[in-house]
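> I'd like to go over a predicted model; first the sequence, then the structure.
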Amino acid sequence: MQEHSLAPAIDIAALNKWYGTFHVLKNVDLVVGTGSRIVICGPSGSGKSSLIRCVNGLEKYESGTIRLADTPLEMDAAKSSAARRQTGMVFQSFNLFPHLTVLANCTLSLRRVQKKSRGAASEIAMHFLEKVKIPEQANKYPAELSGGQQQRVAIARALCLNPRIMLFDEPTSALDPEMVKEVLDVMTSLARDGMTMVCVTHEMHFAREVADRIVFMDQGSIVEQSDPASFFAAPTHARTRAFLSNLLH
Amino acid sequence: MMSIFQIWLGILQGLHVTALVTLYGLLFAVPFALLFGIAQHLTTGLARFAVTAVIEFWRSSSVIILLFVFYYALPVFGIELSAMTVGAMVIGLNIGGYASQSVRAGLQALDKGQSEAGSALGLTRAQVLFMIELPQALTAMAPTFINQLIQLVKGTAIVSLVTLTDMTFRAKELAQIEYDPVAIYTSLLLAYFVV
Amino acid sequence: MGFEIGFAIATIPTILSVVGTTLIITALSCAGAAGLGFAFEMIRRSGWTADYVMRFVIDFIRATPVLGWLYFMYFVLPFYGVRLPTTAVGILGLSVYYSGYLAEVFRAGIDAVAKGQQEAARALGLGRVDAVVFVIAPQMLRNIAAPMGNYFVSILKATPYLAAIAVPEMLGSAFDIASDTYRYAEPLTVAGVMFLLLALAVTGGVKQLERKLLKADRR
Ligand SMILES: Nc1ncnc2c1ncn2[C@@H]1O[C@H](COP(=O)(O)OP(=O)(O)O)[C@@H](O)[C@H]1O
Ligand SMILES: [Mg+2]
């Protein structure tokens, strides 16, 4: 573990966000300790994506604060690239660059942003492609890979930039069922290595095994959060219970 | 020096020619587009090749060259047309050539089930075409037609080259009389924009 | 006087000799229009005011006839002391006129690149320019190949307009012959036929290129 700061990896306080007149995040408070694994779940439209997109700086927010290991993330995140460079993001729809090979997808940012040489960038990229178990696909194009493989490339691509926090937005929802496991396995091994992770997912088995806290959101607010054991055994909130029973059926 | 107002008045005197050529152009463009678009949709083999060749001729030629070819060459063969007619014909058929492709594309984009349903109801091929296919295709193409109309209005500027006194011609004339090209040509561009 | 085939044939070499000029003017105007159009679109995307202003500029250019632009450049530039060879004025006029259309092509091409691509580029920390150059533009190219090819052919077909400002391209040289010999029908018909053939050849070439480009990109 490379992190020795006492400050939590992510500290969100009184976060509010609007899309026009629509109040999508309402006074959200969330603290994520270094090395912890948070799973966020909740019905569709509850603001889960909006929340982690704010943490990654893909969305602006109107009030409140987001601190990443003590560095505040400005409301208009385009201005605080230093802070957002600490996070890596994995999307539901992979968003690999279709015109670039797997390797080039991974090295693009290393070379353009971190100004690494081609050799150094490739070495880093191959290291992480091995980590997600597809080094042999390095020279293929995204469309030649299965969905599960593409998502693993997307994870490797994000890891290449050496982020301290990994954000996942429903990484397995767009996958065929037989490919879900290979992606979750990669995420589990990341967790074992001590990566700080925030995962929006409805894979409750994964949540139970890997998360040390589950956060339930509904209508823009965090309704309840607790460790997996109590979350599944004794959800306190009626809305959580309704959501869970829906998931199980 | 002329005032901007006078310049505008001068250019707009050409407006009625611009409008007239546009109108005549439509008289060529619309029938051509419908006739050839439908023909290309319905025909096969050699007939289709012939239809396509005519359309391609009008689409692929440069209007301005055709304008002069017809303006100067047709009289040699005993066909005397006014500058207005030649201008309207060339620009009209050129735009008509493009529009025919929209007509054909519109017809082909229709779900095959539409014409099959029509036939199943006992309608003849012509009835299917006029009562079912064309109304849908033409509605779908309305935005394209607006674009093509704009092209037509702008295309009429070429008639100034065969001595019709449209807006562009008027501007050129004015510029020769009054040495204020900046104001005059700026006004000309604005005039088309407004139209 | 009838149509003299012999005289018509005699005019072919002269008119043929300026095909090169026509092609060079076309190529330079294509490059100018594409460059200017891309710049317009990039400026338009840079902010709220820029969007408003550039949209007006682009609409304005698109609503005015090419001949208007050629006269504008030809007569107005010298007024401000800018004296260019007529050929350059012609290329400039065509570039400006078609830049309005190409800006639209670029707009549609960029919009068609999935929104997630832009986001992924940002999430990876790529700067604005890098994102355009390495992520958006290469994908856009596939979307714009066909419409851009069509406009390049249109530019070729617009080169005879330059005869109006005395640029020695194909139509202009036909007129030169005509005014020397007082025979219009033959040289103009020859120019018309040759131009049609040229246009068909270039259209075919552009289609071929397009197909190659798309195939090389089909993954
Ligand atoms: N760019 C946007 N503009 C307007 N409304 C949006 C936008 N993105 C999301 N929303 C709305 O915000 C709400 C929350 O969206 P999201 O954060 O994606 O929820 P979740 O990820 O939990 O499904 C939804 O009702 C959605 O329609
Ligand atoms: Mg979501």
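On my side now, so go ahead. Numbering: from 1, shown residues only, chains lettered A, B, ... in the order given. Ligands and ions are numbered 1, 2, ... in the order given.

> contacts, neighbours, all on C-alpha from now
Fine.

> surely C:Ala131 touches C:Ala121?
Yes - with contacts counted by Cα atoms under 8 Å, C:Ala131 reaches C:Ala121, the gap being 5.9 Å.

> residue ranges in the chain under the pLDDT threshold?
You didn't say which chain, so I picked chain A. Scanning chain A for pLDDT under 70 picks out A:1-6, A:76-83, A:249.

> wait, chain C
By pLDDT under 70, the weakly predicted segments of chain C are C:1-3, C:215-219.

> for chain B, same thing?
Across chain B, the ranges flagged by pLDDT under 70 are B:1-14, B:118-119, B:121-122, B:158, B:160-195.

> most proximal residue of chain B with respect to chain A?
Of all residues in chain B, the one sitting closest to chain A is B:Ala109 (28.5 Å; Cα to the nearest Cα).

> whichever residue of chain C sits closest to ligand 1: how many residues sit nearby?
Nearest residue of chain C to ligand 1, counting by Cα to the nearest ligand atom: C:Lys115, 11.1 Å away. Around C:Lys115 there are 12 other residues, counting by other Cα atoms under 10 Å in any protein chain shown.

> equivalent analysis for the one 3 residues further on, please.
C:Gln118 is surrounded by 19 other residues when neighbours are defined as other Cα under 10 Å.

> and the one helix or strand it maps to, how far out from the chain middle?
According to DSSP states H and E, C:Gln118 maps onto helix C:115-123. The chain centroid and the centroid of helix C:115-123 are separated by 32 Å under Cα atoms, centre = their mean, to the nearest Å.

> then stretch B:77-85?
The offset between the C-alpha centroid of stretch B:77-85 and the centroid of the whole chain comes to 18 Å, using Cα atoms, centre = their mean.

> buried stuff in it?
For stretch B:77-85, the buried set under the neighbour-count rule, 16 or more other Cα atoms under 10 Å in any protein chain shown, comprises B:83-85.

> output it as PDB, nothing but the C-alphas.
Listed next in PDB are the C-alpha coordinates belonging to stretch B:77-85 (Å, rounded to 0.1, in the frame of the first residue of the first chain):
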ATOM      1  CA  PHE B  77     -28.900  23.400 -83.900                       C
ATOM      2  CA  GLY B  78     -31.800  25.700 -84.500                       C
ATOM      3  CA  ILE B  79     -33.100  25.700 -80.900                       C
ATOM      4  CA  GLU B  80     -33.400  29.300 -79.700                       C
ATOM      5  CA  LEU B  81     -34.200  29.600 -76.000                       C
ATOM      6  CA  SER B  82     -34.200  32.800 -74.000                       C
ATOM      7  CA  ALA B  83     -31.400  33.300 -71.500                       C
ATOM      8  CA  MET B  84     -34.100  33.000 -68.800                       C
ATOM      9  CA  THR B  85     -35.300  29.600 -70.000                       C
END
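
> bridging residues for the spatially most central residue of chain A?
Residue closest to the average C-alpha location in chain A (Cα atoms, centre = their mean): A:Leu167, at 1.5 Å. Following DSSP bridges, A:Leu167 is listed with bridge partners A:Met89, A:Val198.

> isn't it up against A:Gly88?
Yes - assessed by Cα under 8 Å, A:Leu167 is found in contact with A:Gly88 at 6.0 Å.

> what do the two both touch?
By the contact definition Cα atoms under 8 Å, 6 or more residues apart in numbering or on different chains, A:Leu167 and A:Gly88 are jointly contacted by A:Asn56.

> and B:Phe57, what is it in contact with?
Contact partners of B:Phe57, counting by Cα under 8 Å, 6+ apart, are C:Leu196.

> which stretches in chain A count as helices?
Using DSSP state H, the helices assigned to chain A run over residues A:48-55, A:81-84, A:102-112, A:118-131, A:147-159, A:177-192, A:204-210, A:228-233, A:238-248.

> can I get the buried residues of stretch B:77-85 in CSV including distance to C:Met42 and secondary structure?
What follows is the buried residues of stretch B:77-85, written out as CSV (distance: Cα to Cα, whole Å; DSSP: H, G, I helix; E, B strand; the rest coil):
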residue, distance to C:Met42, secondary structure
B:Ala83, 43, helix
B:Met84, 42, helix
B:Thr85, 43, helix
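
> show me the contacts for the residue of chain A found nearest chain C.
For chain A, the residue positioned closest to chain C under Cα to the nearest Cα is A:Asn95, at a distance of 5.5 Å. Shown in contact with A:Asn95 (Cα under 8 Å, 6+ apart): A:154, C:116-117, C:120.

> quick one: contacts for whichever residue of chain C sits closest to chain B?
Residue nearest to chain B within chain C: C:Ala185 (4.1 Å; Cα to the nearest Cα). Shown here is C:Ala185, whose contacts under the criterion Cα under 8 Å, 6+ apart are B:69, B:72-74, B:76, C:3.

> circling back to that earlier point, quick one: the residue of chain A closest to chain C from chain B, how far?
Applying Cα to the nearest Cα, to the nearest Å, the value for A:Asn95 to chain B is 31 Å.

> and if you look at A:Asp70?
A:Asp70 sits 55 Å away from chain B when distances are taken as Cα to the nearest Cα.
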